[in-house]
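Novice: Following is a predicted model, sequence given first.
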Amino acid sequence: MLAIFIRMSRAVRVLEIGTLGGYSTIWMARALPPHGRVTTIEFNEHHAEVARQNINKAGLAEHVTLHIGAALNVLPTLKAPFDLIFIDADKVNNPHYLEWAIKLSQQGTVIVGDNTVRGGGVIDSCSDDPNVKGLREFVQMISEDERLEATAVQTVGEKGWDGFVMAIVKAR
Ligand SMILES: C[S@@+](CC[C@H](N)C(=O)[O-])C[C@H]1O[C@@H](n2cnc3c(N)ncnc32)[C@H](O)[C@@H]1O
């Protein structure tokens, strides 16, 4: 799906928050034009090392810049703009990641936030799960931000019931 979004939006500069083993990074890097680049941020050193090995094995090292560290420390060091931004790390920080995504965007940038349904957990207003709270605030912020046009899509698959939010930056 991310690869299709990249091709549809003709993205060249992609930012990913949350690398894990590099699975989504590799899908996105493969969808880029030859001069495209994915910048990805991972907090956990072991995950980052696994991702680095996977990216190297996929022959994509030249197309991926992997930053190791907490996203909120790395984001202020990045050079804008990005054409597509995939938010998929600690959901509790999604409201901060949205603010950074907008700062690092330009008109037409696509912002995708993963896991925004969580088996219906996001509509449980009594939930005290910090991740659910982060996601609820993230979706609320997007819906109230006049610079963004957005929709939420639910998915059902082998990993269960979940979904994502996608937004486009209309103006900054
Ligand atoms: C859901 S996984 C990412 C999955 C990956 N995007 C994919 O689809 O293949 C979330 C990752 O975010 C990382 N993470 C959690 N908190 C973070 C933070 N504050 N800064 C950077 N990465 C973080 C976790 O270590 C984990 O590897």
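Specialist: Okay, I see it.
Novice: isn't Val38 right up against His67?
Specialist: No - counting by C-beta atoms under 8 Å, Val38 does not reach His67; the two are 11.2 Å apart. C-betas here are computed from N, CA, C, even on glycine.
Novice: The two: who's more crowded?
Specialist: Ranked by neighbour count (other C-beta atoms under 10 Å), Val38 and His67 place Val38 first, with 30 against 19.
Novice: What helix or strand is the more buried one located in?
Specialist: strand 37-42 (DSSP states H and E).
Novice: which neighbours does that strand have in its sheet, and in what orientation?
Specialist: strand 13-17 (parallel), strand 64-68 (parallel) (DSSP bridges).
Novice: So which bits of the next helix or strand after it are buried?
Specialist: Where DSSP H and E defines the elements, the next helix or strand beyond strand 37-42 is helix 45-57. Buried residues in helix 45-57, defined by neighbour count with 16 or more other C-beta atoms under 10 Å: His47, Ala48, Val50, Ala51, Arg52, Asn54, Ile55.
Novice: now swap in stretch 62-79 and tell me
Specialist: Counting neighbours by 16+ other C-beta under 10 Å, one finds that the buried residues in stretch 62-79 are His63, Val64, Leu66, His67, Ile68, Ala71, Leu72, Val74, Leu75, Leu78.
Novice: which pair in these spans the largest distance?
Specialist: Spatially, the most separated pair among the buried residues of stretch 62-79 is His63 and Leu72, at 24.8 Å (C-beta to C-beta).
Novice: Show the contacting residues for the residue nearest the centre of the chain.
Specialist: Nearest to the geometric centre of the chain sits Phe86, at 1.7 Å (C-alpha atoms, centre = their mean). Each residue near Phe86 by C-beta atoms under 8 Å, 6 or more residues apart in numbering is listed here: Leu2, Val14, Leu15, Glu16, Ile17, Gly18, Ser24, Met28, Val112, Asp114.
Novice: who wins for neighbours among these?
Specialist: Leu15 (30 neighbours).
Novice: Quick check, pLDDT for it.
Specialist: Looking at Leu15, its pLDDT is 99.
Novice: Okay, it and Phe82: tell me how far apart.
Specialist: As judged by C-beta to C-beta, to the nearest Å, Leu15 and Phe82 stand 4 Å apart.
Novice: Spell out which parts of this protein neighbour the ligand.
Specialist: 18, 20, 23-24, 41-44, 47, 70-71, 88-90, 93 (C-beta under 6 Å from any ligand atom).
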